[in-house]
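In: Dropping a prediction and its sequence here:
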2 protein chains.
Amino acid sequence: MTWKTTNNEMRGMLTAETIHQVRQALEPSRGKHTIGFVPTMGALHAGHVELIRTARRECATVVVSLFVNPIQFSPNEDFQQYPRPLEDDLRICNDAGVDLVFVPSVEQMYPTSCRTAVHVSDITESLCGASRPGHFDGVTTVVAKLFNIIQPDRAYFGQKDAQQALVVRKMIADLNFPIRLHVCPTARDAAGLALSSRNRYLSDEQRNQALCLYQALRLAKEAIGSGERDSEPIIKKMRQIIEVAGPAKIDYISIVDSDTVQAVRRIDRPVLIALAVQIGPARLIDNIMLDAAGREITIKDLAIQA
Amino acid sequence: MTWKTTNNEMRGMLTAETIHQVRQALEPSRGKHTIGFVPTMGALHAGHVELIRTARRECATVVVSLFVNPIQFSPNEDFQQYPRPLEDDLRICNDAGVDLVFVPSVEQMYPTSCRTAVHVSDITESLCGASRPGHFDGVTTVVAKLFNIIQPDRAYFGQKDAQQALVVRKMIADLNFPIRLHVCPTARDAAGLALSSRNRYLSDEQRNQALCLYQALRLAKEAIGSGERDSEPIIKKMRQIIEVAGPAKIDYISIVDSDTVQAVRRIDRPVLIALAVQIGPARLIDNIMLDAAGREITIKDLAIQA
C-alpha cells in the first residue's frame, strides 16, 4: 500500500489521495460488506459528524471524501477562501470511526480535458440553482464521479442542503445508481443556527444576526400550523424578520413544492420552505420541509417520483 | 426467480425485463467473476455476434441488452421503423453463449419524470453530432443507466460507430466508471459493406450502391498510403465515388483528429475518416482510423486523453 495513515493515533484509518488507492483499499469489501459514503467539502462540523455516525451504525465500511469541488463554484464565489483544515478534518474522521478518507487533488479529480457533465433539469432551476448558475451541474458531476470511484451501497447527505439532496436523489433514480440515499436532519447549534462550514466566516455579531434565518422558518411553520395556506403573507413576514435583524442581502425566500421545487402560492401539499441570505462575508442557507398539515418532515419521508 | 427462459432450447440463458431482475440475476457474480456487457439496439448481425464472442472469451458472465433507445432518435428519424426481431435476437444471443439478456420496455428505462442527462462536450459536436442534435446525449445517458444497472467490468462496442465509441470512452474516463472499454473492429460482408441493422432497409440495388462507402474509405487509405497529406483533395475524390455510385444524400465526409474529432486539413496525426450517406431509406455510416503513417488502427490503439 502506497498511502499512509496520517499519524500513529490514527492507525486504523486509511487516507487515500488517488482513485487507484481508493479502489485498492475497497476491493476486499466490494460485494461482501455494506459500504457507506459521506461526501463532504471538508471543514467538518457536528452536522458532518452526525452523517458519519449514521453511516457507521449502518455500514461495515465507512468512506468520507474531503474535496472542495471547484466546478460547483462560480468565479465570483468563495472557492479560494473555502476553509481547508485538513488535520482537524482527519482527526474528526478518525474519532468518528471512519475507515477510509479520500482526499484527492483537483488534478486527480479533473485531469485537464474533462468534458463530461451530469445535468439534472427542472428541479435545479429554482432556489440556489437560479442564483448559482452551473452549481448543481458541478454537484451532480462530482457526485457521479465519487459514486463511481467509491461504489458505495449507501450515501449520506444533509437536509440542510435540501435542494442538493433532492437533485442527487433524482440523479440516483434517473441514472439507476445502485445506491440508497440517506438524508439526515439539519444539525443546529443551541440557538438554532444551522451548522455550516461557512459559519466560520461570521463574526460573533454576524453569527447572532444569522439566527434570523431559523427564526423566519419557525415563524413560517407556526403560521402554517395556525391554518395559513397562502405563501405570500408568510414570505412577507419572513422577509421582515430577516430585515429587522440587521444588514443582509436576501437571495431568496421561497415556498416550493417538495418534489418539483417550483414555487407554490397555495400550501396544499408537502412544501420546502427555503431561504438564502448573505450576511457579511457568508452566504447562508437554511430550510424546513412540512407536510400539507404543517408537520415537519424530511426528504426521506417523500416518495421518489419515478 | 420471476423471469423466464424463453423456450426449452434456451434453458441456460436468462431473459430479464426489469432492472430488479437484472440486479437479482447478477448478484451472485458481483465482485467474484468478470461481467462483460454488450449494449445493443437489437436486430443483431454478425458484428454484434463478434462483440458477444469477444466478451464470451474474456468474461465469466456475458450480458447483452436489447433496447431501441428512444432518446437517441430525433423526431424525424427511424425510431418507430427500427427493426425489433426479438425472437431472432434471443436465438442469436443463446447460440453465442450469452448468460443474461436484458430486454427492458421504454417505461422501465424512462419512467415519466426522467430529468437527468449525461453530456459529453466537444467531441460530440462534429460528424453525427452535427446532423443528429441530442443524439449523443441520448447515447451517453442510456449507456450510463445501463452501466449502473449491469455494473459490468468490461463493455464491448463496435468501431463502426467510431464517434459513439470515442464518446463512451470519454464518458467512462471523465466520470470514472470502473469499466474497461473494448472496441472491436467493424464487421463487413464479403463485398466490404459494413454490417448494420439499418442495412435491412436497403433493396438489393441500394445494397450494391452502398458499397461506395467502403470504396471511398479505401481510396482515402490508398491516397494517404501514397503520401497525400491534404484532406481536401481526398475528401473531393471520396465525394466523387459516392456521387457516381447512384442517387444519395451525403450527410458528411470528414477527416478528423481521432482524439478531438475536429476536422484536420493536414494529415499529420492519427485520423478518423468517417462518412454518413443516406441511400434510399437508410442513413448509413462507415469509417476507418489511420495512424500518421496511413496504417489502419482501432480506437484501442489510442491512448486515452486523461
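Out: Here it is on my side, so go on. Numbers count the residues shown, from 1 in each chain, chains lettered A, B, ... in the order given.
In: can we go C-alpha only for contacts and neighbour counts from here?
Out: Fine.
In: how many neighbours does residue A:282 have?
Out: Close neighbours of residue A:282, defined as other C-alpha atoms under 10 Å in any protein chain shown, add up to 18.
In: and if you look at residue A:207?
Out: Should you count by other C-alpha under 10 Å, residue A:207 turns out to have 17 residues around it.
In: how much space between it and chain B?
Out: Residue A:207 sits at a distance of 37 Å from chain B (criterion: C-alpha to the nearest C-alpha, to the nearest Å).
In: And for residue A:210?
Out: For residue A:210, the distance to chain B equals 35 Å [C-alpha to the nearest C-alpha].
In: got the residues of chain A near chain B?
Out: By the rule C-alpha under 8 Å from any C-alpha of the partner chain, the part of chain A lying against chain B is A:30-31, A:110-122, A:141, A:144-146, A:148-149, A:170-171, A:174-178, A:305-306.
In: where's residue A:238, which helix or strand?
Out: helix A:231-245 (DSSP states H and E).
In: quick one on the thing from earlier: just the buried subset of the residues of chain A next to chain B, written out for ChimeraX, thanks.
Out: To isolate in ChimeraX the members of these that are buried, counting by 16 or more other C-alpha atoms under 10 Å in any protein chain shown, one can use:
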select /A:30,31,110,114,115,116,117,118,119,120,121,141,144,145,146,148,149,170,171,174,175,176,177,178
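In: Quick one: the strands in the stretch 201-306 of chain A, in order.
Out: A:249-257, A:271-279, A:282-290, A:296-297 (DSSP state E, counting those that start in this stretch).
In: Which neighbouring elements make contact with the second one?
Out: Which is strand A:271-279. helix A:127-131, helix A:212-225, strand A:249-257, strand A:282-290 (3 or more C-alpha pairs under 8 Å, 6 or more residues apart in numbering or on different chains; DSSP states H and E).
In: State the pLDDT value of residue A:5.
Out: The score at residue A:5 is 46. That number is its pLDDT.
In: Neighbours of residue A:250, how many?
Out: The number of residues packed near residue A:250 is 16, by other C-alpha under 10 Å.
In: Name whatever forms a beta bridge with the closest residue in space to it that isn't next to it in sequence.
Out: In this structure, residue A:250 finds its nearest non-sequential neighbour in residue A:277, 4.5 Å apart by C-alpha to C-alpha, 6 or more residues apart in numbering or on different chains. Per DSSP bridges, the residues bridged to residue A:277 are residue A:250, residue A:284.
In: Quick one: neighbours of residue A:277, just the number.
Out: Residue A:277, neighbours per other C-alpha under 10 Å, totals 20.
In: my read: it touches residue A:247, true?
Out: No: using C-alpha atoms under 8 Å, residue A:277 is not in contact with residue A:247, being 10.3 Å away.
In: Give me the neighbour count for residue A:229.
Out: 18.
In: Just give the nearest non-adjacent residue to it, would you?
Out: Using C-alpha to C-alpha, 6+ apart and skipping the chain neighbours, the partner closest in space to residue A:229 is residue A:267 (4.8 Å).
In: Measure how buried that neighbour is and give me the count.
Out: Look at residue A:267: counted by other C-alpha under 10 Å, it has 22 neighbours.
In: now residue A:211
Out: 17.
In: residues in contact with the closest residue to it other than its chain neighbours?
Out: With sequence-adjacent residues excluded and distances taken as C-alpha to C-alpha, 6+ apart, residue A:211 is closest to residue A:193, at 5.4 Å. Shown in contact with residue A:193 (C-alpha atoms under 8 Å, 6 or more residues apart in numbering or on different chains): A:210, A:211, A:213, A:214.
In: The residues you listed, buried ones only, as a ChimeraX selection?
Out: Burial among those is assessed by 16+ other C-alpha under 10 Å; the matching ChimeraX selection reads:
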select /A:210,211,213,214
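In: Please name the residues that touch the closest residue to residue A:278 other than its chain neighbours.
Out: In space, and not counting its chain neighbours, residue A:278 is closest to residue A:249: 5.0 Å by C-alpha to C-alpha, 6+ apart. By C-alpha under 8 Å, 6+ apart, residue A:249 lies in contact with A:277, A:278, A:279.
In: Kindly report the same for residue A:286.
Out: With contacts defined as C-alpha under 8 Å, 6+ apart, residue A:286 is in contact with A:160, A:161, A:194, A:213, A:214, A:274, A:275, A:276.
In: again, 7 Å this time
Out: By C-alpha atoms under 7 Å, 6 or more residues apart in numbering or on different chains, the contact set of residue A:286 is A:160, A:194, A:213, A:274, A:275, A:276.
In: again with residue A:38
Out: Residue A:38 makes contacts with A:51, A:52, A:63, A:64, A:65, A:155, A:156, A:157, as judged by C-alpha under 7 Å, 6+ apart.
In: So the fifth one, which state does it fall into?
Out: So the one you mean is residue A:65. The three-state label given to residue A:65 by DSSP: H, G, I helix; E, B strand; the rest coil is strand.
In: That one contacts residue A:103, correct?
Out: Yes: using C-alpha atoms under 7 Å, residue A:65 is in contact with residue A:103, at 6.0 Å.
In: list the buried ones in stretch A:217-224?
Out: If you call a residue buried by 16+ other C-alpha under 10 Å, then stretch A:217-224 has these buried ones: A:217, A:219, A:220, A:221, A:223, A:224.
In: Look up how far residue A:148 lies from the spatially closest residue to the last one that is not a sequence neighbour.
Out: Pointing back at residue A:224 there. In space, and not counting its chain neighbours, residue A:224 is closest to residue A:294: 5.5 Å by C-alpha to C-alpha, 6+ apart. As judged by C-alpha to C-alpha, to the nearest Å, residue A:294 and residue A:148 stand 38 Å apart.
In: cool, and residue A:267?
Out: 39 Å.
In: likewise residue A:195?
Out: 29 Å.
In: lowest-pLDDT helix or strand in chain A?
Out: strand A:296-297 (a mean of 92; mean pLDDT, DSSP states H and E).
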